[in-house]
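Asks: let's see this in three dimensions:
(one chain, ligands or ions: 1)
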Amino acid sequence: MSAKHLETEAIRTQIDRSQFLEHSNPLYLTSSYVFEDAEDMRASFADEKERNIYSRYSNPNNSEFVEKICKMEGAEQGYAFASGMSAVFSTFAALLNSDDHIISLQSIFGSTQTIFNNILPKWNISTTYFKIDEVDKIEHLIQPNTKVIYAESPTNPTIDILDLKRLAEIARKHNLLFIVDNCFATPYLQQPIKFGADLVIHSATKLIDGQGRVLGGVTVGSAELIQKIYLFARNTGPALSPFNAWILSKSLETLPVRVEKHCENALKVATFLESHSNVNFVKYPFLKSHPQFELAKQQMKLGGNVVAFEVKGGVDAGRRFLNSIKLLSLSANLGDTRSIVTHPASTTHVKLSEENRLQTGITGGLVRVSVGLEHTEDIINDLSQALEL
Ligand SMILES: Cc1ncc(COP(=O)(O)O)c(C=O)c1O
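Replies: Numbering: from 1, shown residues only. Next up, the predicted model:
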C-alpha cells in the first residue's frame, strides 16, 4: 500500500523480505548475484529482466535507499553514488556532450565549481555564472549550445534563497535541463521537482546520514534521464557501497524528526545571534530579516539547520571567534547531530581573491554554524562566550 505522507514512506518503503522474515532490512554485502541457468543469465544481461546482476549496477540496499529518496522527492527513478561529488560529476558527464554550455549560480559548492571550471573544460564544456540577484538576467546568458541551468538553494555558506519556480520556467521555455543540488534543504524541507526541476542531486553525507558517519550521493528525476545516468554509472563505477546505502536508508527513517529538531534549534540560535551586539548580521531563511524570507517560506517547510552570521571585526575576529569555541566542533562537514562552526574566509574560500570572496558575500567575519541536536542552551552558551572574547 502506498502511503500519503513522506514520513511514512521514509519508514515503510522496503525491499522484499528474505526467507527469514526479518523486520529490519539486512545488509546485502555481495558483489554479484547468481543465475538459475544459462537462459536466466542471458536474459538478465540482455536487460529483459529487472534483477540484480552485479553491485556496480544495482544492489538491494542501494535500491531501497534510492526508492525512498524518489518517493520523498516525487521522482520516478534514481541512482545512488559513493559521494555527493560523484553524483554531481556523473550527472553532468552522462548528460552533456563536448562543446555544451552550462548556466550556473555562482555561489555553489566549491568542488562543483572545480568540476565546472577545471574538469568539464577538458571536453570543451563551458560554464557561465549568474549571481544570486541576477535571476532575471539569465535569459541573456543562454547560448545555442546551453543545455543546463544549475542551482543550489539555500546556498553555502551565504544562505541565500533562489527562486526555483522562476528558474524552472526559464529552463522549460528554452528547452534546458534544470538541475538542483538540494543538499541543504533535504527532501523533507523542499522538493525541487514540484517547482519544475528535472533532476535533484543530494550529498547524502550531510543531513541524510545526519550523524557524520558515511559519504553518499544520489541523483533522482525522470526515468528517461536516470536511464542515461545509470548507463554511465554502470560502466564507470561510482556506485554507493551497500553498507553506506544500508546506513543511509536507515537514516531516512528518522530524517523528518531529526530535521524538525535541527530547524527548531537553528531558529533559536539565529534569533540569539541577531540580538548580540558583536554580530553585524545573521542570515537564516526563516528569520524575518532574511532578504528572501517570503520566498523561503513558499519553497521550504522550515529554515534548515545552517545559520550564517558576521562577527564584528573582520577576518581576525572570525578566527578569534573560532579559537574561543569550546563545545562545538571545528570541522568541514555539516548536517551532523554535533554542531559545527566554520570560518569560510580563512578556510574553504581562502584561495579566492578578496574581491571574488566579497562578490559571493563571504565577508572576513562570516561564520557558518551547522546547528546540531545538542540542547540549544549549551549551543548558545558556547557561541555566547566565544562572542565576548
Ligand atoms: C551543497 C553541497 N553539494 C555537494 C557536496 C559534496 O558532497 P560529498 O562531500 O558527499 O561529496 C557538498 C559537501 O559539502 C555540499 O555542501
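Asks: can you find the helix or strand in the protein with the smallest mean pLDDT?
Replies: Comparing helices and strands within the chain by mean pLDDT, DSSP states H and E singles out helix 354-359 as the least confident, with a mean of 78.
Asks: which residues sit in contact with the closest residue to the ligand within the stretch 1-150 of the chain?
Replies: Relative to the ligand, the nearest point of the stretch 1-150 of the chain is Gly84 (2.4 Å; CB to the nearest ligand atom). C-betas here are computed from N, CA, C, even on glycine. For Gly84, the contact set (CB atoms under 8 Å, 6 or more residues apart in numbering) comprises Phe109, Asp181, Cys183, Ile201, His202, Ser203, Ala204, Thr205, Lys206, Leu215, Gly216, Gly217.
Asks: closest to Trp123 out of the residues you listed?
Replies: Ile201 (19.6 Å; CB to CB).
Asks: which residue is the nearest non-sequential neighbour of Ser241?
Replies: In space, and not counting its chain neighbours, Ser241 is closest to Ala82: 6.9 Å by CB to CB, 6 or more residues apart in numbering.
Asks: I figured that neighbour hits Pro238, correct?
Replies: Yes: the pair Ala82 / Pro238 is scored as a contact, 5.4 Å apart, by CB atoms under 8 Å.
Asks: that's a strand at Val282, yeah?
Replies: Yes: assigned with DSSP: H, G, I helix; E, B strand; the rest coil, Val282 falls within a strand.
Asks: please verify my assumption that it contacts Pro291.
Replies: No: judged on CB under 8 Å, Val282 makes no contact with Pro291 at a distance of 11.9 Å.
Asks: comparing these two, which residue is more hemmed in?
Replies: Val282 (22 against 12; other CB atoms under 10 Å).
Asks: for whichever residue of the stretch 101-250 of the chain sits closest to the ligand, which non-adjacent residue is spatially closest?
Replies: Ranked by CB to the nearest ligand atom, the top residue of the stretch 101-250 of the chain for proximity to the ligand is Ser203, at 3.0 Å. Nearest residue to Ser203, sequence neighbours excluded (CB to CB, 6+ apart): Gly84, at 2.5 Å.
Asks: and the one you found, what pLDDT?
Replies: You'll see Gly84 listed with a pLDDT of 98.
Asks: gap between it and Phe109?
Replies: Taking CB to CB, to the nearest Å as the measure, Gly84 and Phe109 are separated by 8 Å.
Asks: joint contacts of these two?
Replies: Joint contacts of Gly84 and Phe109 (CB under 8 Å, 6+ apart) are Asp181, Cys183.
Asks: quick check: Gly78 touching Cys70?
Replies: Yes: between Gly78 and Cys70 there is a contact under CB under 8 Å: 5.2 Å.
Asks: quick one, which of the two is more surrounded?
Replies: Higher neighbour count among Gly78 and Cys70: Gly78, with 28 against 22, using other CB under 10 Å.
Asks: what does the stretch 51-200 of the chain put close to the ligand?
Replies: Counting by CB under 6 Å from any ligand atom, the residues of the stretch 51-200 of the chain close to the ligand are Ser83, Gly84, Met85, Phe109, Glu152, Asn156, Asp181, Cys183, Phe184.
Asks: do a quick rundown of the strands in the stretch 251-389 of the chain.
Replies: All strands of the stretch 251-389 of the chain, identified by DSSP state E, counting those that start in this stretch, fall at 279-283, 306-311, 329-330, 340-342, 366-370.
Asks: excluding its backbone neighbours, what's nearest the residue in the stretch 251-389 of the chain positioned nearest to the ligand?
Replies: Here the stretch 251-389 of the chain gets closest to the ligand at one residue, Leu334, 6.5 Å apart by CB to the nearest ligand atom. Take Leu334 and drop its neighbours on the chain: the residue closest to it by CB to CB, 6+ apart is Ser370, 3.6 Å away.
Asks: quick check: phi and psi on His349?
Replies: Dihedral angles of His349 (phi, psi; degrees, to the nearest 10) stand at phi -120, psi 20.
Asks: now the helices: where do they sit in the stretch 251-389 of the chain?
Replies: In the stretch 251-389 of the chain, the helices defined using DSSP state H, counting those that start in this stretch lie at 293-299, 314-324, 354-359, 376-388.
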